[in-house]
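Q: take a look and give me a structure for this.
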Amino acid sequence: MSVDTIISNLKEKIQKHSADIHATEFGIVVSVADGIAKISGLASCQMSEMLDFGAENYGLAVNLEADYVGAMILGDYTKVKEGDRVTRTKEILSVPVANDFLGRVVDPLMRIVDGQGEVITKERRPIEKIAPGVMAREPVSEPMQTGIKAIDALVPVGRGQRELIIGDRQTGKTAVAIDTIINQKGQNVKCVYVAIGQKKSKVMRIAQQLKEYGALEYTTIVLAGASDPASMIYLAPYAGVTLAEYFMESGDDVLIIYDDLSKHATAYREVSLLLRRPPGREAYPGDVFYLHSRLLERACRLNKENGGGSITALPIIETQAGDISAYIPTNVISITDGQIFLESSLFNKGIRPAINVGNSVSRVGGSAQIKSMKKNAGPLKLQLAQFRELESFAQFSSDLDADTRKTIDHGRKLVEVLKQKQLQPVSVAKQVAILYAVNNGYVMDVDNAILADWEHDFYTFLDSAKGDLLNRLTKGWSEQEESDLKSAIEEFKQNR
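A: Numbering: from 1, shown residues only. Model (predicted):
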């Protein structure tokens, strides 16, 4: 073979040759402690980018400094050592979303933890997203019935609202949230319960309760346990609202509960201090307000052009000795559209749910009530406020005039009727019926000790004999409904 032929063959092979060059950017772990890794060499790393530590261990870039990247390790940080290689994935942290997550318990990365088999998903969404703008939203006007008389009557919640549940530990905050989930049965509402830093045994007990009441089938539980790293506790609410947004953008109404954001703020403080961010008030970093505002702003009601779905958020905050003026409570109060304040002293008196009517408010108010409820619940707040004032005054005087005694007696009946056992939500039509009975003096002759039994029998009577009236009360209020309800109460009293 001639030299020219060899040269031409070589040229031909060189021209046909194509080399696939894969450039991988990696860094080296400089230090690792308490779930935080300091990495050098990742010059082009993005904020919130997933980093691969190997052995199926991932991290999240949260600090971009001149020489180092600070990352939260999402998993067992004891497997990460100084000198380990860290590779960029060039992907912003995202989680899988699908309708199949309903009825399941998942971790903040949406991995199944209930042992019931995996969920196959096609879509992933980034956990951080800008909330819908004003033009995409619609005013809150449809009620999100909680099934709790004191809330639906006095501090109503609307679909698309953010209503804070606040109070000391062991005052029934989680109970209010769970009752609200159970009350959504048959209401075409999907629920997401985010357990932030809770005991896993407690959350599994809640899952069992929801299953018993047929509520787990439309609920997803996102669990970041008390024993999980701060990074997972930090991610949990964002993963929960990402799934909720998927449902909302499909045109569904969604209820999301964050239980609780106090622990979320504490986890973020821990991460921030480990990342050497400057501490501010109570050692929280300066952006702790933004932590919760960008989360809760994603709850809204979309207009019809954008699908018409909604996310109703019920964040929970735990106070210390009833101090609602502390840093995190005031932050979240200023972000939300009202708060339901649960008080220890009322809880210990046996008034449950222990709602302090004076400190509880809904900035949506009557806009989120059906007509019959608005008509019958209107004067309640004023009546309860008058009763509380007169009750404390009456302790110092035994000689009361007839009007004062009448107001106090009516107030006591009202307080008794607003009491409610856990896991027993009441439909809105029955709430209207019992409030009408109280407002118009039909229960004044019933002893307080048996009023709960009287109320239970009254509901049974309405279910069995007045089903059509209950349907009409849900749809509206007119003289006809009022007349029929009055007749029904009188008929029940005669037969009892």
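
Q: domain-wise, how is the chain divided?
A: 26-91, 96-369, 376-495 (automatic domain parsing).

Q: most tightly surrounded among these?
A: Of all the domains of the chain, domain 96-369 carries the top mean neighbour count, a mean of 20, counting by mean count of other Cβ atoms under 10 Å. C-beta: built from backbone N, CA, C; applies to glycine.

Q: touching, residue 70 and residue 63? I think so.
A: Yes. Because the distance of 3.0 Å satisfies Cβ atoms under 8 Å, residue 70 is recorded as touching residue 63.

Q: joint contacts of those two?
A: residue 275 (Cβ atoms under 8 Å, 6 or more residues apart in numbering).

Q: one step back: same list (the domains of the chain) but as a markdown table, adding distance to residue 12 and mean pLDDT.
A: Shown next, in a markdown table, are the domains of the chain (distance: least, Cβ to Cβ, whole Å; pLDDT from 0 to 100):
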| stretch | distance to residue 12 | mean pLDDT |
| --- | --- | --- |
| domain 26-91 | 37 | 93 |
| domain 96-369 | 45 | 96 |
| domain 376-495 | 80 | 92 |
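
Q: how about the ones you listed in CSV, adding distance to residue 4?
A: Below are these laid out as CSV (distance: least, Cβ to Cβ, whole Å):
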stretch, distance to residue 4
domain 26-91, 46
domain 96-369, 57
domain 376-495, 92
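
Q: how far away is residue 79 from residue 230?
A: Distance of residue 79 to residue 230, given as Cβ to Cβ, to the nearest Å: 17 Å.

Q: scratch that, residue 3 is what I was asking about
A: 70 Å.

Q: can you tell me the closest non-neighbouring residue to residue 177?
A: Nearest non-adjacent residue to residue 177, counting by Cβ to Cβ, 6 or more residues apart in numbering: residue 257, 4.4 Å away.

Q: need phi/psi at that neighbour.
A: In terms of degrees, to the nearest 10, the main-chain angles of residue 257 are phi -120, psi 130.

Q: output the lengthiest helix in the chain as CSV, nothing but the C-alphas.
A: Longest among the helix segments of the chain by residue count, using DSSP state H, is helix 230-249. Below are the C-alpha coordinates for helix 230-249, written out as CSV (Å, rounded to 0.1, in the frame of the first residue of the first chain):
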residue,chain,number,x,y,z
ALA,A,230,-33.1,20.2,59.8
SER,A,231,-32.7,20.2,56.0
MET,A,232,-35.7,17.8,55.6
ILE,A,233,-37.8,19.8,58.1
TYR,A,234,-37.0,23.0,56.1
LEU,A,235,-38.1,21.3,52.8
ALA,A,236,-41.3,19.7,54.0
PRO,A,237,-43.8,22.7,53.6
TYR,A,238,-42.4,23.6,50.2
ALA,A,239,-42.8,20.0,49.0
GLY,A,240,-46.4,20.0,50.4
VAL,A,241,-47.4,23.3,48.6
THR,A,242,-45.8,22.1,45.4
LEU,A,243,-48.1,19.1,45.4
ALA,A,244,-51.0,21.4,46.4
GLU,A,245,-50.3,23.7,43.4
TYR,A,246,-50.3,20.7,41.1
PHE,A,247,-53.9,19.9,42.3
MET,A,248,-54.9,23.6,42.2
GLU,A,249,-53.7,24.1,38.6
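
Q: I'd assumed residue 196 was in contact with the residue nearest to residue 177.
A: No. Taking Cβ under 8 Å as the definition, residue 257 is not a contact partner of residue 196, at 10.1 Å.

Q: can you tell me the SS state at residue 197?
A: Assigned by DSSP: H, G, I helix; E, B strand; the rest coil, the conformation of residue 197 is strand.

Q: quick check: the gap between it and residue 237.
A: Applying Cβ to Cβ to residue 197 and residue 237 gives a distance of 11 Å.

Q: brilliant, that's me finished.
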